[in-house]
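*Asks:* everything below, folded, please.
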Amino acid sequence: MSSKGIYTALSGAMAQSQRLDTIANNIANTNTASFKKDKQTFYEYLTAAEKNPDSIQTTKVPASIESFYELNGADRGFVDSSGTYTDFTQGQLKPTGNKLDVALQGKGFFEILTPNGPRLTRNGQFQVDANGRLVTRQGYPVLSEGTGDPQQRTIQLNSNNVTVSYSGEIYEGNDLAAKFALLNVVNPESLKKSGQSFYDYKENMNPILQAADEVQTKQGFVEASNVNIVTEMTDMINATRTFESTQKAIKAFDQINQKLAIDVPKTSY
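*Replies:* Predicted structure coming up:
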């Protein structure tokens, strides 16, 4: 029985290790603009529920309680990762005084043209490149609203002296230059992080997109990370203690196995 228990304890240690990695990544991005924290989720994998009932057979003459049922591992329970999900709660808006910094208040994303195609982001730290295009810090063009070719939807500006309305219109003086492409993803679980504050769509899910009519654009602000450093540190302490407990359990099972393999045979003579 101890050999089964050691694998259960090991699965728990691996789960806490994954949780610690996720928490550490959140803490590392505390000061990353518009970063959304991740959370690791787990479930108990019960082999009795996963296996076919026919695999559980009874013996004709039970030699012991343990061997009464030929469980074939069907009585084991393990901790398994059910995945990582992103918490899209609003981050605090911080003033910067830069007219090309635009933060989003509410549910929605900017649409950006990257070398790998259009991507979504909430990071509104923009600038104007040498060609007069409004771009991200990485130099990727910010897109205006529409359904046409993304290459034709880049935003051209003649200067940095622009005004952005709450609904996403960009004005140069009194002239409307463009309007941000602001999209809302109804099923945010279909999104995955693709690096540099960008989001892509998961291959096995169909994103439901609609115009983000309720989101507001705040000129001269940047959305901060939604990571609460106190909460993350508390979670890290709890995960570390749980990890240490599973290590102690593994050590205890290992000692039991050693006694079963070495000491018990000696006493049988």
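*Asks:* check contacts around Asn226.
*Replies:* 35-37, 87, 89-92 (C-beta atoms under 8 Å, 6 or more residues apart in numbering). Every residue, glycine included, has its C-beta placed from N, CA and C.
*Asks:* list buried residues within those.
*Replies:* 35-37, 91 (16 or more other C-beta atoms under 10 Å).
*Asks:* returning to that earlier point: ok, so of the contacts of Asn226, who is nearest Arg241?
*Replies:* Checking the contacts of Asn226 against Arg241 with C-beta to C-beta, the nearest one is Lys37 at 21.0 Å.
*Asks:* quick one: that closest one from Pro188, how far?
*Replies:* 13 Å (C-beta to C-beta, to the nearest Å).
*Asks:* what touches both of those two?
*Replies:* Common neighbours of Lys37 and Pro188 (C-beta under 8 Å, 6+ apart) are Thr86.
*Asks:* quick one, strands of the stretch 101-250 of the chain?
*Replies:* In the stretch 101-250 of the chain, the strands defined using DSSP state E, counting those that start in this stretch lie at 102-105, 109-114, 117-121, 126-128, 134-136, 163-164, 169-172, 175-179, 182-185, 191-195, 198-201, 209-211, 216-219, 221-223.
*Asks:* got the contact list for the shortest one?
*Replies:* Counting by C-beta under 8 Å, 6+ apart, strand 163-164 makes contact with 99, 102, 170-172, 180, 217, 219, all of which sit outside it.
*Asks:* how far does that strand sit from its chain's centre?
*Replies:* 32 Å (C-alpha atoms, centre = their mean, to the nearest Å).
*Asks:* before we move on, the earlier item: can you add mean neighbour count, mean pLDDT and distance to Arg241 and give the strands of the stretch 101-250 of the chain back as JSON lines?
*Replies:* Shown next, in JSON lines, are those (neighbours: other C-beta atoms under 10 Å; pLDDT from 0 to 100; distance: least, C-beta to C-beta, whole Å):
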{"stretch": "strand 102-105", "mean neighbour count": "23", "mean pLDDT": "98", "distance to Arg241": "37"}
{"stretch": "strand 109-114", "mean neighbour count": "23", "mean pLDDT": "97", "distance to Arg241": "37"}
{"stretch": "strand 117-121", "mean neighbour count": "19", "mean pLDDT": "96", "distance to Arg241": "36"}
{"stretch": "strand 126-128", "mean neighbour count": "19", "mean pLDDT": "96", "distance to Arg241": "44"}
{"stretch": "strand 134-136", "mean neighbour count": "23", "mean pLDDT": "97", "distance to Arg241": "41"}
{"stretch": "strand 163-164", "mean neighbour count": "17", "mean pLDDT": "96", "distance to Arg241": "47"}
{"stretch": "strand 169-172", "mean neighbour count": "17", "mean pLDDT": "96", "distance to Arg241": "51"}
{"stretch": "strand 175-179", "mean neighbour count": "15", "mean pLDDT": "95", "distance to Arg241": "51"}
{"stretch": "strand 182-185", "mean neighbour count": "20", "mean pLDDT": "96", "distance to Arg241": "37"}
{"stretch": "strand 191-195", "mean neighbour count": "14", "mean pLDDT": "93", "distance to Arg241": "28"}
{"stretch": "strand 198-201", "mean neighbour count": "20", "mean pLDDT": "96", "distance to Arg241": "33"}
{"stretch": "strand 209-211", "mean neighbour count": "13", "mean pLDDT": "92", "distance to Arg241": "43"}
{"stretch": "strand 216-219", "mean neighbour count": "18", "mean pLDDT": "97", "distance to Arg241": "41"}
{"stretch": "strand 221-223", "mean neighbour count": "21", "mean pLDDT": "97", "distance to Arg241": "33"}
